[in-house]
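one predicted model, sequence on top.
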Amino acid sequence: MRKFHISTFGCQMNEHDSEIMAGLLLEAGYEMAKSRSEADIVIFNTCSIRENADKRFFGTLGQLKKTKMARKDDFTVCVCGCMPQQKHITDTIKAKYPWVDIVFGTHNIERLPALLANWEKDHSSQIEVLEDREAISEKLPACRLYRHKSYVNITYGCDNFCTYCIVPYTRGREKSRSAQAIIGERKDLVADGVKEVMLLGQNVNSYSSPSGENFADLIREINDIDGLERIRFMTSHPKDLSDDLIKCFLECDKLCKYLHLPVQAGSNGILKRMNRKYTREHYLQLVKKLREAVPDITLSTDIIVGFPGESDEDFKETLDLVNEVGYDSAFTFLYSIRKGTPAEKYKDQIPEDVKHERFDRLVEAVNSSAEKKNAAYVGRVVDVMVDGFSKNNHKALSGRTDGFKLVNFEGDSSLIGQIVKVKIIASNTFSLEGELV
């Protein structure tokens, strides 16, 4: 029985795609390998958001050439995900990595077993990259990373076309699943032991089902499912964050009091060049509304440093916004050119040394805010969903609060998948330390 191993680069959407591919292969009779070195089939599920992700992927892919040359037809190499959706990437794989056996994109992951079967017949290269998907495939199996929580896609693709972003070109135009299909999947997952769900989409706020439900409607319907304990979602776009959705944080007891709300920049001039379709003032007004509705809501964000044309004053406005909002955490990025995006053609690119200097200042501000927010938890008792053992301390358990704070504490494996009360006894910049109550 051939064994497979999937390496996932990128976001939660990619992680869920990998869960589905694993489910498809297990259903088709393949076996999961514990590591890449034990596998007969190696699958790379790729990401194109950042230049470093491209470089890291190609570096890792190159390391497999020796194994492929030694094992030949006993070893299968597959590349899928966002990167092959760009023609120049697929052309590079063909030219420089001709020993790669199977290449496919984001719109046909359900075809993986068939592509493998075709390759196993005569070992001919299989390349199948579609520009978009005609319809959403439902009821695909998934091998979840956690038994007690799961991802659920509610939308695919994106219609926002931010000038720096490759996603609309790799994931296609936005499509929403029917509320009935989503609710049905949720009930099946709860019956299988799932207590927490993460609703996924490039912009969940713009969800619109074929029968007319909006995202707030969907949240309320999911909140009524018996047995479900927590609801999360990402990613939200500020331009589509409605007052009705903010009400859900008050009305829906299972909706976690946490929101990831990417701002990307604090300057109106840069936001306009990014085609973000909101202003600094509008974003800050949303934060005010959220905190008026839920004073203890935790907020995280995405911020890009060094976007073309960013002046010292533009960057200062971003720093000022970070300090004004007081984020619990943030994903910070150095702008990198993505081939095929409008920003690729902007002439006023920022020098790398300037980007890095600004980046360091931004990280310092974000970490200072996160440290203060976490310190306020010391002495409090919080509910923690236990995910498993800590990555850094195999004797300690690790889990998340309602507000997505990472908590480490001593306990045994019987608690995994449960919500337990933990008293916070110490704080770090990125996590909390606690003890069971």
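On my side now, so go ahead. Keep in mind it's a predicted model, so treat the numbers as computed, not measured.

can you give me the helices in the stretch 151-300 of the chain?
Assigned by DSSP state H, counting those that start in this stretch, the stretch 151-300 of the chain shows helices spanning 167-171, 179-191, 215-223, 243-251, 268-273, 280-293.

would you list the ones you listed in a markdown table and tack on mean pLDDT and mean neighbour count?
For glycine as for every other residue, the C-beta is placed from the backbone atoms N, C-alpha and C. What follows is the helices of the stretch 151-300 of the chain, written out as a markdown table (pLDDT from 0 to 100; neighbours: other C-beta atoms under 10 Å):
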| stretch | mean pLDDT | mean neighbour count |
| --- | --- | --- |
| helix 167-171 | 91 | 22 |
| helix 179-191 | 95 | 17 |
| helix 215-223 | 98 | 20 |
| helix 243-251 | 97 | 15 |
| helix 268-273 | 98 | 19 |
| helix 280-293 | 98 | 16 |
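
of all these, which one is nearest residue 393?
In this view, these are compared for proximity to residue 393 by C-beta to C-beta, and helix 179-191 is the closest at 29.8 Å.

distance from the chain centre to that closest one, please.
The gap between the average C-alpha position of helix 179-191 and the chain average comes to 21 Å, counting by C-alpha atoms, centre = their mean, to the nearest Å.

and that helix, what does it pack onto?
Helices and strands touching helix 179-191, as assessed by 3 or more C-beta pairs under 8 Å, 6 or more residues apart in numbering; DSSP states H and E, comprise strand 149-153, strand 196-200, helix 215-223.

ok, the first one: who's next to it in the sheet?
In this case it means strand 149-153. Based on DSSP bridges, the strands next to strand 149-153 in the sheet, each with its direction, are strand 196-200 (parallel).

from the chain's centroid, how far away is the strand it pairs with?
11 Å.

got a list of what residue 104 touches?
For residue 104, the set of contacting residues under the criterion of C-beta atoms under 8 Å, 6 or more residues apart in numbering consists of 78, 80, 84, 111, 112, 115, 126, 127, 128, 129.

thinking again about what came up before, TSV for the helices and strands packed on helix 179-191, including distance to residue 294?
As requested, these are arranged in TSV below (distance: least, C-beta to C-beta, whole Å):
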stretch	distance to residue 294
strand 149-153	22
strand 196-200	18
helix 215-223	14
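
so which of those is nearest residue 383?
Using C-beta to C-beta as the criterion, the shortest distance between residue 383 and the helices and strands packed on helix 179-191 is 11.8 Å, found for strand 196-200.

next, the angle from that closest one to helix 215-223.
160 degrees (axes from the mean of the first three to the mean of the last three C-alpha atoms, to 10 degrees).

mind checking how far the residue lying farthest from the centre of the chain is from residue 73?
Outermost residue of the chain with respect to the C-alpha centroid, by C-alpha atoms, centre = their mean, is residue 122; its distance is 36.5 Å. When distance is defined by C-beta to C-beta, to the nearest Å, residue 122 is 10 Å away from residue 73.

kindly report the same for residue 238.
Here the criterion is C-beta to C-beta. By it, residue 238 lies 51 Å from residue 73.

compare the two (neighbour count), which wins?
Taking other C-beta atoms under 10 Å, residue 238 and residue 73 do not tie; residue 238 has more neighbours (21 against 11).

would you agree the more buried one is in contact with residue 282?
Yes. Residue 238 is within contact range of residue 282, at 6.9 Å (criterion: C-beta atoms under 8 Å).

contacts for stretch 417-437, please.
Around stretch 417-437, the neighbours that count as contacts under C-beta under 8 Å, 6+ apart are 146-148, 193, 195, 229, 329, 367, 370-371, 374-375, 377-386, 399, 401, 405-411.

what about burial for those, which qualify?
Under a neighbour-count criterion of 16 or more other C-beta atoms under 10 Å, the subset of these counted as buried comprises 146, 148, 195, 229, 329, 370, 374, 377, 382, 384-386, 399, 401, 405-409, 411.

ok, the residue lying closest to residue 183 once chain neighbours are set aside - contacts?
With sequence-adjacent residues excluded and distances taken as C-beta to C-beta, 6 or more residues apart in numbering, residue 183 is closest to residue 221, at 5.8 Å. Contacts here follow C-beta under 8 Å, 6+ apart; on that basis residue 221 touches 179, 183, 213.
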